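Visitor: Need a 3D model of the following:
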Amino acid sequence: MNVIFESENIVYVRPSFDLVLDYLEMVNDIDNVARFIGERSEPLTEQQEIDYIKDKMDNNATMFSMLEKGTNKFIGNIEFFNRVFEEAEWGIVITTSMQNKGYGTEALKRSVEYGFNELGLNRIYLGVYVNNPRAIHVYENCGFKEYERDDVDVFMEITKGE
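Guide: Below you'll find the model as predicted:
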């Protein structure tokens, strides 16, 4: 797989059909993962995931799969989406078996650096469910500041130079 960038313990690669089963295991984990990435009542099928990855590839999405250095074990995905001029929304999803190991914080710090320095972004923002205090804490520790909140979501941002 072609490494696009890396951090201390993670290599970041383009999405791959070779990882479809890993993606499916992650996004269909209702209790630990899926409940934080959107409303869905049915598990995704392999074909739906293949179509999703194909769409990302065809549209040159700024999405990266994360693999553990040394083992190439799948960690999760990050993505810069809704890019408009020098701003983008950021998202992350980590498979259950790789949570609570510091990968989220490492990926956030490195991908923000990548967004500012390689993609030319000046502002990166995200939305996180109010009922995900662990993620909110990580975002705050990495320099994100809350700019809006409602009953469901907290919206946070970081700007270049902060």
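
Visitor: remind me, longest strand of this structure?
Guide: Scanning the chain for the strand with the most residues, using DSSP state E, yields strand 74-84.

Visitor: Next SSE downstream of that one?
Guide: Next helix or strand after strand 74-84 toward the C-terminus (DSSP states H and E): strand 87-94.

Visitor: hey, what's the most centrally placed residue in the chain bridged with?
Guide: Among the residues of the chain, the one closest to the centroid is I92, at 1.9 Å (CA atoms, centre = their mean). With DSSP bridges as the criterion, I92 is bridged to I78.

Visitor: ok, V128 - contacts?
Guide: Contact partners of V128, counting by CB atoms under 8 Å, 6 or more residues apart in numbering, are A135, I136, Y139, D153, V154, M156. Any C-beta I mention is one placed from the backbone N, CA and C, and that applies to glycine too.

Visitor: what about it, is that helix, strand or coil?
Guide: Here V128 is strand, with the state taken from DSSP: H, G, I helix; E, B strand; the rest coil.

Visitor: Could you list the low-pLDDT ranges of this structure?
Guide: For the chain, residues meeting the criterion pLDDT under 70 lie at 27, 29-41, 44.

Visitor: Would you map the strands across this protein?
Guide: Using DSSP E, the strands of the chain run over residues 3-6, 10-13, 62-68, 74-84, 87-94, 123-129, 145-149, 153-159.
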